[in-house]
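Engineer: Structure for this input, please:
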Amino acid sequence: MTMKRCAWPSEGRRILVPAWALFFALFVSFVSLLGALPACAVPVLNLEDCLRLADENSPTLAGAEAQRDSARGLLSQSAVADRVTLSGTVTAERSGRGGEEGASYSAGVSAGLKIFDSNRNRYRIEARRQNLSKADADAENTLLSVHAAVKQAYAALLLKLRTQEHREQSVMAHEQRLEQAQGFYDAGSKPWYDVTKARVDLGNAQLALVEAQGSVSLAKKELLNAMGIKRDEDFSVVPVSFDVPSELLASAPSLALENRPDYRASELSLLGGEASLKAEARGSSPTLSLSGGYSASGSQAFDLTQGWNAGLKMTVPVVDGGEVKAGVAVACAQVRSLEASREQLRQKILLEVGKALVSLENAREQVRISGLTLESAEENCRIAEGRYETGVGAPLEVTDALLNLTEARLAAESAHYALHTAVIELERAVGLEFHGLSSSDRAPAKTPEAWRLP
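Structural biologist: Reported below is the predicted structural model:
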């Protein structure tokens, strides 16, 4: 056989490289460089971050602020009636008739001031002022509702994340169980049934994990919606513990009546209704106003006759067809309705506080019992696995122990979630926030630098 040597180019000869090969090498280098870059970290939000994001982005809070601006405008509108009014007019006309033409010019300034109206407008202003205070209380109540929704969604996401972790642990345990059963079968100490049973259990655990992962994605969307965030971006949250100081439980009913914004709003509505009743009752009272003006008129634009006027006017209603009486009757009925609504709300608040206290006590007991059950399930699982490894126990015994352990873990997480929910309900019933932002932290609200959203 004849061997052929490869002919290498001489030192003075250039090697021609195709252009496509050069571009391909550059592309591979660029892709390798991108792969070496660190991945963007997922933003991590705590409860305070979520509450601040809700303060900045919630459309519900924006609507409450618009209601406050409307009430403020109505108050300013009522105050105008007691202020000096000033107006000016300028006219220029030309006319013709029967072949004759003429012109007229005039200019004038007039002013008016209401001096006395039996305090009718004063009570109208007072009613509008109470309405503005009510709008402030309604805005605070809306803020508490939004924060409660964010906390509820936050706690639900924590539950789903913990459920996903336990499902992952269950899958890992069943994978180890399958490897163990396969090893025993290969050694001839266990039947093929143990392997197939372990495979079925692993499949069921994997299906449960997929469902848990979907629940996490949905819980994140619900939290974003509670915060008013339009973007659908991945993030993680920091675990938080919800509980209530024991010294506040005994005084919860009185705290609720003192701090609930909606109860304070009902009282302000009643004060506003009483002021409106006083204003209506003075509808037949006399009014006194002062007016004056200056004017200039004539047929020549630069030769006008000047004049002025001043007067004091008193108006005394004599017969109004029962309008004032009907207005007073309507205002009285509204006051009675507001009183009944306030009492109804008071009873509702006390009932909500009572229910929240019972739910809190039950949730604490659930946490205690679920903790004891989890300890027993862990011990039972260790015993079942030990019996199977020594050849005494059956595969069904191990399967039941693993299933009971997973269910006990999930029950413990559900008990903690029930405690979180009970605390949030008590916060809402009392009108205070035991967790999250304090009043001084809310203004100004700032978006976390780690996750700045448009």
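
Engineer: CA only for contacts and neighbour counts going forward, please
Structural biologist: Fine.

Engineer: which stretches of this protein form strands?
Structural biologist: 44-45, 85-97, 100-116, 236-237, 287-300, 303-315 (DSSP state E).

Engineer: Any chance of TSV for those, columns mean pLDDT and mean neighbour count?
Structural biologist: What follows is those, written out as TSV (pLDDT from 0 to 100; neighbours: other CA atoms under 10 Å):
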stretch	mean pLDDT	mean neighbour count
strand 44-45	90	15
strand 85-97	84	11
strand 100-116	83	15
strand 236-237	91	16
strand 287-300	85	16
strand 303-315	85	12
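
Engineer: Distance to residue 210 for the ones you listed - can I get that in JSON lines?
Structural biologist: As requested, the strands of the chain are arranged in JSON lines below (distance: least, CA to CA, whole Å):
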{"stretch": "strand 44-45", "distance to residue 210": "23"}
{"stretch": "strand 85-97", "distance to residue 210": "72"}
{"stretch": "strand 100-116", "distance to residue 210": "75"}
{"stretch": "strand 236-237", "distance to residue 210": "18"}
{"stretch": "strand 287-300", "distance to residue 210": "77"}
{"stretch": "strand 303-315", "distance to residue 210": "80"}
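
Engineer: For residue 75, which non-adjacent residue is closest in space?
Structural biologist: Nearest residue to residue 75 in three dimensions, chain neighbours excluded: residue 128, at 5.2 Å (CA to CA, 6 or more residues apart in numbering).

Engineer: looking at it, that neighbour is touching residue 274, isn't it?
Structural biologist: No: applying CA atoms under 8 Å, one finds residue 128 not in contact with residue 274, separated by 11.5 Å.

Engineer: doesn't residue 308 make contact with residue 293?
Structural biologist: Yes: using CA under 8 Å, residue 293 is in contact with residue 308, at 5.5 Å.

Engineer: how close does the closest residue to residue 418 other than its chain neighbours get to residue 422?
Structural biologist: Nearest-residue entry for residue 418: residue 363, 5.7 Å, with adjacent residues in sequence omitted and distances by CA to CA, 6+ apart. Going from residue 363 to residue 422 by CA to CA, to the nearest Å gives 7 Å.

Engineer: the more surrounded of the two?
Structural biologist: More crowded of residue 363 and residue 422, by other CA atoms under 10 Å: residue 422, with 26 against 22.

Engineer: what pLDDT does the more buried one get?
Structural biologist: Here the pLDDT value assigned to residue 422 is 92.

Engineer: List the contacts of it.
Structural biologist: 356-357, 359-360, 363 (CA atoms under 8 Å, 6 or more residues apart in numbering).

Engineer: How much space separates it from residue 242?
Structural biologist: Distance from residue 422 to residue 242, by CA to CA: 9 Å.

Engineer: Repeat that for residue 385.
Structural biologist: With CA to CA as the criterion, residue 385 and residue 242 are 36 Å apart.

Engineer: Let me see the mean pLDDT of stretch 322-333.
Structural biologist: Stretch 322-333 shows a mean pLDDT of 90.

Engineer: follow-up on the earlier one: kindly supply the PyMOL command isolating those of the contacts of residue 422 that are buried.
Structural biologist: Command for PyMOL that selects the buried part of the contacts of residue 422, burial taken from 16 or more other CA atoms under 10 Å:
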select buried, resi 356+357+359+360+363
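
Engineer: Out of the contacts of residue 422, list just those in helices.
Structural biologist: 356-357, 359-360, 363 (DSSP state H).

Engineer: Put together a markdown table for these, with distance to residue 68 and pLDDT on each row.
Structural biologist: Below are the ones in helices among the contacts of residue 422 laid out as a markdown table (distance: CA to CA, whole Å; pLDDT from 0 to 100):
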| residue | distance to residue 68 | pLDDT |
| --- | --- | --- |
| 356 | 31 | 92 |
| 357 | 33 | 92 |
| 359 | 35 | 92 |
| 360 | 35 | 91 |
| 363 | 38 | 92 |
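
Engineer: Let's have these in JSON lines, adding distance to residue 344.
Structural biologist: Formatted as JSON lines, the ones in helices among the contacts of residue 422 follow (distance: CA to CA, whole Å):
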{"residue": "356", "distance to residue 344": "18"}
{"residue": "357", "distance to residue 344": "20"}
{"residue": "359", "distance to residue 344": "22"}
{"residue": "360", "distance to residue 344": "24"}
{"residue": "363", "distance to residue 344": "28"}
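
Engineer: List the contacts of the residue nearest to the spatial centre of the chain.
Structural biologist: The centroid of the chain falls nearest to residue 146 when counting by CA atoms, centre = their mean (3.2 Å). When contacts are counted by CA under 8 Å, 6+ apart, residue 146 touches 54, 58, 60-61, 226-227.
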